[in-house]
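In: what's the 3D shape of this:
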Amino acid sequence: MNYQNILKDDKIQCTVCPRECVLSAGQEGFCHVRKNSEGKITLASYGYNTGLAIDPVEKKPLYQFYPASPVLSFGTLGCNMGCLFCQNWQTTKTKADIRLLNKTSPDEIVRIAKNYNCKSVAFTYNDPIIFFEYAIDTAKLCREEGIKTIAVTSGFMNPEPAEEFFKYMDGANIDLKGFSEQFYKKNCLAHIEPVLNTIKYAVNETDCWVELTTMLIEGENDSDEMIKRECEWILTNLGDCVPLHFSAFFPRYKFSDRKHTELSTLLRAYSIARDAGLKYVYTGNLTNIETSATYCKSCNRPVIVRNGYELIEYNLSEEGKCIFCNTVCDGRY
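Out: Numbering: from 1, shown residues only. Got it, this is the predicted structure:
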């Protein structure tokens, strides 16, 4: 896990993510937590977190990964993305003293998860790629204790670290923030190609269960054309069975003057994706029972019905098969 290049003049290049920050002695990267300390890249936030919470797995959101199971969630500070619309900006953008945070070792996280009968531990709230070492050490211990691991990530990572990272992840929700390079450059201060590469790798070359989320911001990434291109890319590169969530934006950070996403916008995107041929499409952040249900890809009957994060109907066998037609529902059950 030594993702760095030693350069001349005491500089080090961090190679965990595509920013590949070149850091002088004592300098921190774009993410604010990875820094050049004593001639190597160190993680200032290792062992520190912004709080532990027990969530339903649907909140990640993962709708086809052990539905209704409890998840112990945590994150740290900082982020390697520069999203102007960040929904968690108080922790991702802050430069607060990390020593003021909760300190919880990987061993303690696993112990807490076991004590509260959590099916999984989720690395979330900020991108786990920047607290790579803390996440991986925790994930390894989770594996030893039979606890599943979940990453909620932007997917903005380099290929070699991605290979190491997803080796220890059982489930992931990857943000596909908008389907254009222009959107990523303007609103995320990043690039889309590394994200697409990460998604293709995680879906096609690992055992990790992957679901995708696109948060729709009206006037930015919600055009019919952009949504159609996203769906076409998914079908061509991933197949028709990777779940896609369209979630609502709420005014935050540099986009605090924008209006929140209307349900009608989510429903339009939902219809486009279903018409394109995607089998599992969802809307989120605004409750709508019909478009948050999981439908059998064969008979189209509802196999999981949700009201918000609550399951109100479950029509799958223990093997994850539709009780109406016996078709396997993709996912983990």
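In: quick check: the gap between Glu319 and Asp207.
Out: 18 Å (CB to CB, to the nearest Å). For every residue, glycine as well, the C-beta is placed using N, CA and C.
In: give me the secondary structure label for Ala172.
Out: Look at Ala172: counting by DSSP: H, G, I helix; E, B strand; the rest coil, its state is strand.
In: ok, now which ones touch the residue nearest to Ser37 when sequence neighbours are not counted?
Out: In this structure, Ser37 finds its nearest non-sequential neighbour in Gly26, 7.0 Å apart by CB to CB, 6 or more residues apart in numbering. By CB atoms under 8 Å, 6 or more residues apart in numbering, Gly26 lies in contact with Lys35, Asn36, Ser37.
In: okay, those residues in a markdown table with neighbour count and distance to Asn326 next?
Out: A markdown table is the format used below for the contacts of Gly26 (neighbours: other CB atoms under 10 Å; distance: CB to CB, whole Å):
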| residue | neighbour count | distance to Asn326 |
| --- | --- | --- |
| Lys35 | 20 | 55 |
| Asn36 | 23 | 57 |
| Ser37 | 16 | 57 |
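In: of those residues, just say which sits nearest to Met157.
Out: Lys35 (18.2 Å; CB to CB).
In: in which helix or strand would I find the closest one?
Out: Using DSSP states H and E, Lys35 falls within strand 34-37.
In: after that strand comes which helix or strand?
Out: Once the chain leaves strand 34-37, the next helix or strand it forms, by DSSP H and E, is strand 40-43.
In: rewinding a little: could you dump the contacts of Gly26 to a markdown table with distance to Lys114 and pLDDT?
Out: Listed next are these as a markdown table, based on distance: CB to CB, whole Å; pLDDT from 0 to 100:
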| residue | distance to Lys114 | pLDDT |
| --- | --- | --- |
| Lys35 | 33 | 95 |
| Asn36 | 37 | 96 |
| Ser37 | 33 | 94 |
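In: now, among those, which is nearest to Gly75?
Out: Lys35 (18.5 Å).
In: distance of the closest one from Asp10?
Out: To Asp10, Lys35 is 13 Å away according to CB to CB.
In: in the sheet, who's paired with Pro70?
Out: Per DSSP bridges, residues listed as beta-bridge partners of Pro70: Pro56.
In: for the residue nearest to Ser37, helix, strand, or coil?
Out: Secondary structure, three-state DSSP: Gly26 is coil.
In: need the helices for the stretch 201-333 of the chain, in chain order.
Out: Counting by DSSP state H, counting those that start in this stretch, one finds helices in the stretch 201-333 of the chain at the ranges 224-237, 263-276.
In: output those as JSON lines; include the columns mean neighbour count, distance to Glu58 and mean pLDDT.
Out: Output for the helices of the stretch 201-333 of the chain, formatted as JSON lines (neighbours: other CB atoms under 10 Å; distance: least, CB to CB, whole Å; pLDDT from 0 to 100):
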{"stretch": "helix 224-237", "mean neighbour count": "16", "distance to Glu58": "21", "mean pLDDT": "98"}
{"stretch": "helix 263-276", "mean neighbour count": "18", "distance to Glu58": "16", "mean pLDDT": "98"}
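In: let's have the ones you listed in CSV, adding distance to Asn173.
Out: Formatted as CSV, the helices of the stretch 201-333 of the chain follow (distance: least, CB to CB, whole Å):
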stretch, distance to Asn173
helix 224-237, 14
helix 263-276, 16
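In: and of the ones you listed, who's closest to Phe246?
Out: Phe246 lies closest to helix 263-276 among those, at 4.4 Å (CB to CB).
In: pull out the C-alpha coordinates of that closest one and format them as CSV.
Out: Written as CSV, here are the backbone C-alpha positions of helix 263-276 (Å, rounded to 0.1, in the frame of the first residue of the first chain):
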residue,chain,number,x,y,z
LEU,A,263,-39.7,14.7,-7.9
SER,A,264,-40.8,15.2,-11.5
THR,A,265,-37.2,15.5,-12.6
LEU,A,266,-36.4,12.2,-10.9
LEU,A,267,-39.4,10.5,-12.4
ARG,A,268,-38.4,11.7,-15.9
ALA,A,269,-34.9,10.2,-15.5
TYR,A,270,-36.4,7.0,-14.1
SER,A,271,-38.6,6.6,-17.2
ILE,A,272,-35.6,7.3,-19.5
ALA,A,273,-33.5,4.7,-17.8
ARG,A,274,-36.2,2.0,-17.7
ASP,A,275,-37.1,2.7,-21.4
ALA,A,276,-33.4,2.3,-22.2
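In: run through the neighbouring helices and strands of it.
Out: Helix 263-276 is packed against strand 209-216, helix 224-237, strand 244-248, strand 281-284, with contacts defined by 3 or more CB pairs under 8 Å, 6 or more residues apart in numbering; DSSP states H and E.
In: go through the ones you listed and name the closest to Asn117.
Out: With CB to CB as the measure, strand 209-216 is the member of these nearest Asn117 (20.8 Å).
In: the closest one packs against which elements?
Out: strand 171-175, helix 193-205, strand 244-248, helix 263-276.
In: about what we covered before: contacts for the strand holding Lys35 next, please.
Out: Contact with strand 34-37 is made by 10-12, 14, 16, 21, 23-29, 41-44, 130, as judged by CB under 8 Å, 6+ apart.
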